[in-house]
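1. What follows is a predicted structure for the sequence shown.
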Amino acid sequence: MSAYEKNEERLRALWQELMSDEENEKSGPLENNGTSDEYQPSSNDSDSSESCEPPPRKKQTRKEIGEVSLSENIANRPIINERGSYEWYPADGKALKTFSFTEESSGFQSRLYGLYNKEAVDFFRLFVNNDILDLIVLETNRYASQCVQKDSLPHSRIQKWTPTDRDEIEKLLGIIIWMGLCPFPSMQSYWKKNTIYPNCLPSIISRNRFQVLLKMLHFNNNENLTEDRLQKLSPLIEKLRESFQQPIIPSEYVCIDETLVPFRGRLKFRQYIANKRHKFGIKLFKLCLEYGYTYDFKVYCGKSKDENVSVPSKVVMDLMEKLLDQGRTLCTDNYYKSVNVKRI
């Protein structure tokens, strides 16, 4: 007999022994009359095998399930049918934690209407406020002074550096926005005196000064190095998020979705999304209000080191941190549907 046949025979014997033990348990205790080992059933215990079986469990109806108190959680009361398996019923919602939206002053704050003349530059200053401009001035001057100390060329352009101020940085940002609206063949074309390039930039700022400012433009101290991939932009991003949230109070319905900022430069967390119009860029998660207003945003820099929390759950928790337990309704697509998000 081979080893396979011996193993098969052993398993068959174990199975027969197991089945015989189950039959003995169902037959109940045996009565011995002292004369024979054979079991002689009497009239009183004719139904002993049936009496030893546990009573069947009562199947709960939907009506009984609906009579649960508000303080009792239905999920902690398993519903078992007669066959001993679980059954699922439609949730009645009585155990859910509900909040009513009571914010009466939602929307754009009316006190801001009297502070501005409602021109384009006023809306720009509403978001790019003095705190952001002061940050850019401080870090730009600091980086320029560091470059002056390191540069050993006596006739380089950086050696003639003069500290910048808030007005000059505001002009720099305005020129950059205007260049995006009026593209010219090259950077030098904006300062050419040829009549084919009509512009007023030479009367605002010189070309050399603009190029030096653009080169020295900084938003964080390079001496404070961290593991954050956005360490160059972190202070600016935090102040922009604060300025976006200041003039408006969210209404009842908010939405979280992602967007892609076109970018084809060298960047470690640059994303590629095939179904987008611009396939390469920087991915942003945005918390938007009615009419498309961006209330908050988060730059995606790759997967975090915390493996216990998924990316959609972390995005929802970070963007909704200040709006939880206030009765608001969050609208998302199926990418953000997870157990952790549903527990919020």
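-> Looks like it came in fine. Numbering: from 1, shown residues only.

2. ranges for the helices of the stretch 201-344 of the chain?
-> Secondary structure of the stretch 201-344 of the chain (DSSP state H, counting those that start in this stretch): helices at 207-216, 234-245, 311-319, 339-342.

3. comparing those helices, which gets the lowest mean pLDDT score?
-> Across those, helix 339-342 has the smallest mean pLDDT, namely a mean of 70.

4. For that one, enumerate the helices and strands it packs against.
-> helix 311-319 (3 or more CB pairs under 8 Å, 6 or more residues apart in numbering; DSSP states H and E). Where you see a C-beta, it was placed from the backbone N, CA and C, and this is true even at glycine.

5. quick one: low-confidence parts of the stretch 1-150 of the chain?
-> Within the stretch 1-150 of the chain, the stretches with pLDDT under 70 are 1, 21-98, 115-117.

6. how about a cut-off of 80?
-> Regions of the stretch 1-150 of the chain meeting the criterion pLDDT under 80 cover residues 1-5, 7-8, 11, 14-99, 102-105, 109-118.

7. Can you check which of the helices of the stretch 201-344 of the chain gets nearest to N130?
-> Each of those has some distance to N130 by CB to CB; the shortest is helix 234-245, at 10.4 Å.

8. So what's the gap between the closest one and the chain middle?
-> 18 Å (CA atoms, centre = their mean, to the nearest Å).

9. now do stretch 199-216
-> 40 Å.

10. could the helices of the stretch 201-344 of the chain be laid out in TSV, adding distance to C301 and mean neighbour count?
-> Formatted as TSV, the helices of the stretch 201-344 of the chain follow (distance: least, CB to CB, whole Å; neighbours: other CB atoms under 10 Å):
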stretch	distance to C301	mean neighbour count
helix 207-216	25	16
helix 234-245	11	16
helix 311-319	11	18
helix 339-342	21	12
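
11. So which of the ones you listed is nearest S100?
-> Of all the helices of the stretch 201-344 of the chain, helix 339-342 comes closest under CB to CB, at 19.9 Å.

12. picking up where we left off before, please tabulate the helices of the stretch 201-344 of the chain in JSON lines, including the columns distance to K303.
-> Formatted as JSON lines, these follow (distance: least, CB to CB, whole Å):
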{"stretch": "helix 207-216", "distance to K303": "33"}
{"stretch": "helix 234-245", "distance to K303": "19"}
{"stretch": "helix 311-319", "distance to K303": "6"}
{"stretch": "helix 339-342", "distance to K303": "16"}
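
13. wait, isn't L217 in contact with N141?
-> No: look at L217 against N141 with CB atoms under 8 Å: they stay out of range, at 10.9 Å.

14. Just give the number of residues close to the closest residue to N130 other than its chain neighbours.
-> Counting by CB to CB, 6 or more residues apart in numbering, N130 lies nearest to R166, which is 6.9 Å off, once chain neighbours are set aside. Neighbour count of R166, defined by other CB atoms under 10 Å: 13.

15. how far away is R166 from S251?
-> Remark: distance between R166 and S251 (CB to CB, to the nearest Å) = 34 Å.

16. before we move on, what about Y336?
-> 20 Å.

17. Neighbour count: these two, which is higher?
-> Counting neighbours by other CB under 10 Å for Y336 and for S251 shows that Y336 has the greater number, 19 against 14.

18. Could you double-check that that one lies in contact with K314?
-> No: with contact defined as CB under 8 Å, Y336 and K314 do not form a contacting pair (10.6 Å).

19. returning to what we had before: residues touching the residue nearest to N130, list them.
-> Neighbouring residues of R166 by CB atoms under 8 Å, 6 or more residues apart in numbering: 130, 133-134, 137.
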